[in-house]
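>>> I'll drop the sequence and a predicted model, then ask my questions.
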Amino acid sequence: MTTIALHYRDGAWTSGPDPVEEATEAQTVEEDWRDSVARAGFNRHPFAVYSGPYSYAYAEMFRSADGTTFFMNIAHGDCEQHLYFHSVVDALEHAARWAPAFALQHDDPDLVSPGVRSEPDLEDVDDEELAALRQAPHP
């Protein structure tokens, strides 16, 4: 069965095959999800990860072996979206759009998913320290 994902190429989104999902369908019990990523032609270690130790939502970006295609897996609980980018410029541009949203999860308890808490507890941080944290660049 062919699965469909979004592909970004030449400034436009189009539908196309989802090689990682197709590789996942053939996954064995002994393999983990990153084995499927590798089988689809991407490095099994993420090129970039956007999340934090207590984040319920995250994004991981993987680079193809030849460095021309990038795969981004965005997950929040049991909801998952696969995106494919066909140049490093497009991949990094879209990653930069997502990074601030994931970084905010650490700063504002209202932005954290229900049942997930940021550490340290923001009630233990004074206003001056919290302002400094919010001004600091996120990795």
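Done, it's in.
>>> rest of the way, CA atoms for contacts and neighbours
Fine.
>>> buried set for stretch 89-96?
Within stretch 89-96, the residues scored as buried using 16 or more other C-alpha atoms under 10 Å are 90-91, 95.
>>> Counting only helices, which of those make the cut?
Residues of those located in helices (DSSP state H): 90-91, 95.
>>> okay, who's weakest in those residues by pLDDT?
Of all those, Ala95 carries the smallest pLDDT score, 81.
>>> Which helix or which strand is home to Ala59?
Assigned by DSSP states H and E, Ala59 belongs to strand 57-63.
>>> hmm, back to that, now render the buried residues of stretch 89-96 as CSV, adding distance to Phe47.
Below are the buried residues of stretch 89-96 laid out as CSV (distance: C-alpha to C-alpha, whole Å):
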residue, distance to Phe47
Asp90, 14
Ala91, 11
Ala95, 11
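>>> Closest one of the residues you listed to Arg9?
Nearest to Arg9 among the buried residues of stretch 89-96, counting by C-alpha to C-alpha, is Asp90 at 7.7 Å.
>>> packing partners for the helix or strand where Glu22 lies?
Here Glu22, judged by DSSP H and E, is contained in helix 19-25. Under the contact criterion of 3 or more C-alpha pairs under 8 Å, 6 or more residues apart in numbering; DSSP states H and E, helix 19-25 touches helix 33-39.
>>> how about the helix it packs on: buried residues?
Going by neighbour count (16+ other C-alpha under 10 Å), the buried part of helix 33-39 is 34-39.
>>> All the strands of the chain, in order from the start?
4-9, 12-17, 48-50, 57-63, 70-76, 79-85 (DSSP state E).
>>> Walk me through which strands the fourth one pairs with, and which way each runs.
The one in question is strand 57-63. Take DSSP bridges as the rule and strand 57-63 pairs in its sheet with strand 48-50 (antiparallel), strand 70-76 (antiparallel).
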